[in-house]
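In: no sequence on this one, just coordinates:
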């Protein structure tokens, strides 16, 4: 199956700093990628849809200035958590949509801890 | 986007017992997908159901899509410890968006 990678897998940062998370589709091109966050024992919450070459579409309640998304190429989308605070600590997961098969392939996730 | 309710939220079974989780929607779905997330892992695509009344099997897993395309189920025969995880059934929304519900967390006692 198609492979999606995420980097870093784990990051610990101080409050007020910005953190960038990369999501790459390794063996296919993805015009659309999605970003989710997941709290312990909770479901995945869709944050935004990342479209190659255009602005991301954010879900209701997600601050676009807080979570900056850039989809500069067909294989890379980045999520930047700006001025991170402890409440931003979470598991962030990206997925890339393989249009031909209409299924999504998920990255391994990035665990962010903000001190 | 379209969402579904999934029951039960938790299921604890003895290894070898069967397991079923159900997804219900108040609206007709174009299609529904099933994903499995192991503890500490990420969701993995299992299957997509599109046709009314569709039944698909993957070894011990049987997936069904209701005749009215408003509900779906996943049945696992003779569970094994490798079946442990949370099973999700997000319906397909426009643009490929998946809205995940609470899922069903399955634990299997050896």
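Out: Looks like it arrived, so ask away. Just so we're clear, the structure is a prediction, and the values are computed from it rather than from any experiment.
In: number of nearby residues for the residue nearest to residue B:80 when sequence neighbours are not counted?
Out: Leaving aside its sequence neighbours, residue B:80 sits nearest to residue B:15 (CB to CB, 6 or more residues apart in numbering or on different chains; 6.3 Å). Just so you know, the C-beta spots here come from the backbone N, C-alpha and C atoms, and that holds for glycine as well. By the criterion of other CB atoms under 10 Å in any protein chain shown, residue B:15 has 12 neighbours.
In: From residue B:41, how far off is residue B:15?
Out: The gap separating residue B:15 from residue B:41 is 20 Å, by CB to CB, to the nearest Å.
In: go on, residue B:3?
Out: Residue B:3 is 23 Å from residue B:41, by CB to CB.
In: Could you do residue B:48 as well?
Out: 20 Å.
In: Settle it for me: which of these two has more neighbours?
Out: The neighbour comparison of residue B:48 against residue B:41 (other CB under 10 Å) goes to residue B:48, with 17 against 14.
In: I'd like to know which elements the worst-scoring helix or strand of chain A on mean pLDDT is packed against.
Out: Least confident helix or strand of chain A, by mean pLDDT, DSSP states H and E, is strand A:103-106 with a mean of 88. Counting by 3 or more CB pairs under 8 Å, 6 or more residues apart in numbering or on different chains; DSSP states H and E, the packing neighbours recorded for strand A:103-106 are strand A:90-98, strand B:43-49.
In: Parallel or antiparallel, list what pairs with whatever helix or strand comes next after the last one.
Out: Toward the C-terminal end, the helix or strand that comes next after strand B:43-49 (DSSP states H and E) is strand B:55-58. In the sheet, strand B:55-58 lines up against strand B:61-65 (antiparallel) (DSSP bridges).
In: which bits of chain B sit near chain A?
Out: Residues of chain B found near chain A (CB under 8 Å from any CB of the partner chain) are B:31, B:33, B:41-45, B:48, B:88, B:92, B:95-103.
In: Give me the buried entries from these.
Out: Among the residues of chain B next to chain A, the ones that count as buried by 16 or more other CB atoms under 10 Å in any protein chain shown are B:33, B:42-43, B:45, B:48, B:88, B:92, B:96-103.
In: Lowest-confidence member of those, which is it?
Out: Across these, the bottom pLDDT score, 79, is held by residue B:92.
In: List the contacts of the residue nearest to that one when sequence neighbours are not counted.
Out: What sits nearest to residue B:92 in space, not counting adjacent residues and going by CB to CB, 6+ apart, is residue B:31, at 4.7 Å. Counting by CB atoms under 8 Å, 6 or more residues apart in numbering or on different chains, residue B:31 makes contact with A:102, B:48-50, B:91-92.
In: and the gap between residue B:31 and residue A:102?
Out: For residue B:31 relative to residue A:102 (CB to CB), the value is 8 Å.
In: got any residues that touch both of the two?
Out: Both residue B:31 and residue A:102 are in contact with B:48, B:92, where contact means CB under 8 Å, 6+ apart.
In: I'd like to know how many residues surround the nearest residue to residue B:58 once chain neighbours are set aside.
Out: In this structure, residue B:58 finds its nearest non-sequential neighbour in residue B:47, 6.6 Å apart by CB to CB, 6+ apart. Residues lying near residue B:47 (other CB under 10 Å) number 18.
In: for residue B:47, what are its contacts?
Out: So residue B:47 contacts B:33-34, B:56, B:58, B:63 (CB under 8 Å, 6+ apart).
In: can you rerun that using 10 Å?
Out: When contacts are counted by CB atoms under 10 Å, 6 or more residues apart in numbering or on different chains, residue B:47 is found next to A:103, B:32-35, B:54, B:56-58, B:61, B:63, B:65, B:72, B:74.
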